[in-house]
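In: Would you be able to build a 3D model of this:
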Amino acid sequence: MNAPSTESRRARFARGKALRKDNPREAHGAFKGAHARDPVAILARSDAERIPELVPIRYQRMTASPFAFLRGSAAVMAEDLAGEPKAGAAVQACGDCHLMNFGAFLSPEHNPLFDINDFDEALPNVDFTIDVKRLAASVAVAAQAENFSDARARAFAVGAVAAYRKHMRELAALAPLEIWHSSIDLAEQIRYFSDTALPGRLQALLDRVRRSPDHDDNYPRLATMVDGSPRIADHETTIMHEIASIGPASKVLQPVLGKYLDGLPRERAVILDRYEVADTAYKVVGVGSVGTLCAIGLYMSGDGEPLFLQIKQSLKSVLETVAPGSAWKGGQGERVVEGQRMLQAASDIFLGSVVDEASGRHFYVRQLKNRRLGGVSELLEGDALPAYARLCGRTLARAHARSGDPAVIAGYLGRSGAFDDALGSFAMLYAKQTAQDHAALLAAKGAPPPAAKSKPSAEKKANTKSKSKAKVKAAKK
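Out: Residues are numbered from 1 along each chain as shown. Sure thing, here's the model as predicted:
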């Protein structure tokens, strides 16, 4: 990260502004192309570290659409961004900062917050533009997937970057402790969504969560009763108790969970002391994580109260390609945990890491996410995409300001929309590259192209609503 500075905000802002001389904001609007790389070969590099039975599922999910490809190809984009312009201001990076890696959470005080969700690729000492470019590109690709025009897709990406820039400037005016304690209150963000029905639906969801904040609604959905005892239910290819190449989940995971518990701070471990492991099972999650060893553990208290923990294997961060001098020296699970604690306003109390010496695998552990709050991102798709993209931009600024110097970053970004516009251009160029890379994966795997969406686009629906309103007004006249 940047060396700590006790300079005034004015001096740090000027230092950030001076960075433009060697690294003009307009330079970020270009994309030098694919650098003669093979996206399928880059993806295949980590296959040997993944569970062989699950690797086909990874590619199956990535072939679904260009956006699915983008979600699973952080390694490809990292290699592309390594040769692109940087600003010269480092932060703790998320590393996989696309739209679907944001979500809603309850803080330990039961406040509903909106924050970054995934930290598998997190790495310190990375230029802030890396995360912002991946976010902008994901906005453009998602907009195209929703059948918005290229002009609207670009505008949405520009909006997300502008939201980042403006919030970073606001944060730069705060004291360091104020920045650390800042958060994105989900209830307050509802006012930014103009759709007439959406704010009410979001508020209703938050009200349900507030009524029972500690209720784990993954139970009993993920569980069943076997001989009178709760067990995790197998589910086709996504939840399973045994994988041939690595063995039964209980044999592989329970020693890992035991070591994890030994490493928890005592004030957290004392809570888990009141539960016991009822069952463990492998669980296939996400897109980019498919093939790594991911699992869930079902814990039950003496009175039958459930708690689910999630165990995820951690590989090296793909961002080591972008910032080779920042290679992580410790455990990879520790890297993820440190990144999450640095970036998130309020992290899970059960967050911890562990190394399984027997297999050489590195893991991190956290509580399995509440399903009700997990539905927030789904509510915000489609018509709400531009407002959701801006929310993600503000959230990323808050996260970066905790580790980086917000005054330096704000000085570089400035008051104008020069950086926003440049990244809008970059986002569209990278969206085109993503479509080409997705096509290359389809060809390599012999998969048919995905069927085009038949439903009307959000843009067309909005236009239809406007025309209908115009007809009503005309009829009244």
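
In: so where is this structure shaky, pLDDT-wise?
Out: For the chain, the stretches flagged by pLDDT under 70 are 1-4, 34-35, 195-196, 211-217, 371-383, 452-477.

In: so how far is D120 from the most centrally placed residue in the chain?
Out: Nearest residue to the geometric centre of the chain (Cα atoms, centre = their mean): N101, 1.9 Å. Distance of N101 to D120, given as Cβ to Cβ, to the nearest Å: 9 Å. Where C-beta positions appear, they are placed from N, C-alpha and C, glycine not excepted.

In: list the residues that contact both of those two?
Out: Here N101 and D120 have no joint contacts, going by Cβ atoms under 8 Å, 6 or more residues apart in numbering.

In: for the chain, which helix is longest?
Out: The longest helix of the chain (DSSP state H) is helix 418-445.

In: what's the residue lying closest to the residue nearest to the centre of the chain once chain neighbours are set aside in contact with, if anything?
Out: Of all residues not flanking N101 in the chain, D118 sits nearest, at 4.1 Å (Cβ to Cβ, 6 or more residues apart in numbering). Shown in contact with D118 (Cβ under 8 Å, 6+ apart): C94, D96, N101, G286.

In: Hmm, V158 is touching D420, no?
Out: Yes: here V158 reaches D420: they are 4.9 Å apart, a contact under Cβ atoms under 8 Å.

In: D356: how many residues sit nearby?
Out: Residue neighbour count, defined by other Cβ atoms under 10 Å, stands at 18 for D356.

In: before we move on, the earlier item: how close does the residue nearest to the centre of the chain get to S301?
Out: 32 Å.

In: So R169 sits against S416, correct?
Out: No: here R169 lies out of contact with S416, judged by Cβ under 8 Å, at a distance of 11.6 Å.

In: Just want to know which of the two has more residues nearby.
Out: The neighbour comparison of R169 against S416 (other Cβ under 10 Å) goes to R169, with 19 against 10.

In: next structured bit after whichever strand or helix holds that one?
Out: Using DSSP states H and E, R169 falls within helix 150-172. Once the chain leaves helix 150-172, the next helix or strand it forms, by DSSP H and E, is helix 176-181.

In: circling back to that earlier point, if you rank the contacts of D118 by neighbours, which is first?
Out: C94 leads the contacts of D118 on contacts (other Cβ under 10 Å) with 32 neighbours.

In: what sits against it?
Out: With Cβ under 8 Å, 6+ apart, C94 has these contacts: N101, I116, D118, F119, E121, A122, D131, G339, L343, L396, A399.

In: Kindly report the same for N218.
Out: Residues near N218 by Cβ under 8 Å, 6+ apart: P306, F308, L368, N370, R371.

In: list the helices and strands the helix or strand hosting the second one packs on?
Out: Looking back up the chat, that one is F308. Element membership for F308, per DSSP H and E: strand 306-313. Helices and strands touching strand 306-313, by 3 or more Cβ pairs under 8 Å, 6 or more residues apart in numbering; DSSP states H and E, are helix 249-263, strand 294-301, strand 361-367.

In: Kindly reformat these as TSV and extend each row with mean neighbour count.
Out: Formatted as TSV, those follow (neighbours: other Cβ atoms under 10 Å):
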stretch	mean neighbour count
helix 249-263	17
strand 294-301	21
strand 361-367	22
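
In: could the ones you listed go into TSV alongside distance to I271?
Out: Shown next, in TSV, are those (distance: least, Cβ to Cβ, whole Å):
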stretch	distance to I271
helix 249-263	10
strand 294-301	10
strand 361-367	11
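
In: Any idea which of those gets closest to S182?
Out: Counting by Cβ to Cβ, S182 lies closest to strand 361-367 out of these; the figure is 22.1 Å.

In: partner strands of the closest one, parallel or antiparallel?
Out: Strand pairing for strand 361-367, using DSSP bridges, gives strand 306-313 (antiparallel), strand 352-356 (antiparallel).

In: Quick check: end-to-end length of stretch 258-267?
Out: This stretch, stretch 258-267, spans 16 Å end to end (Cα to Cα, to the nearest Å).

In: ok so, going back, could you point out the helix or strand that follows the strand holding F308?
Out: helix 332-343.

In: okay, the angle between that next one and strand 306-313?
Out: If you take axes from the mean of the first three to the mean of the last three Cα atoms, to 10 degrees, helix 332-343 sits at 110 degrees to strand 306-313.

In: could you check the angle helix 249-263 makes with helix 332-343?
Out: With the same axes, to 10 degrees defining the directions, helix 332-343 sits at 60 degrees from helix 249-263.

In: what's in contact with helix 332-343?
Out: Counting by Cβ under 8 Å, 6+ apart, 92-95, 115-116, 119-120, 122-124, 312, 314-317, 328, 347, 351-355, 362-364, 366, 399-400, 402-403 sit against helix 332-343.

In: And for stretch 57-76?
Out: Contact partners of stretch 57-76, identified using Cβ under 8 Å, 6+ apart, comprise 37, 39, 42-43, 45-46, 50, 77, 95-96, 98, 100, 121, 134, 137-138, 141-142, 144-145, 237, 284, 286-288, 290-291, 318, 321, 431, 434-435, 437-438, 441-442, 445, 447, 450.

In: Stretch 152-163 too?
Out: Contacts for stretch 152-163 (Cβ under 8 Å, 6+ apart): 132, 135-137, 139-140, 143-144, 148, 385-386, 389-394, 397, 417, 419-421, 423-425, 427-428, 431, 459.

In: ok, back up a step: just checking, what packs against the longest helix of the chain?
Out: Counting by 3+ Cβ pairs under 8 Å, 6+ apart, helix 418-445 packs on helix 39-44, helix 55-62, helix 66-72, helix 74-81, helix 128-145, helix 150-172.
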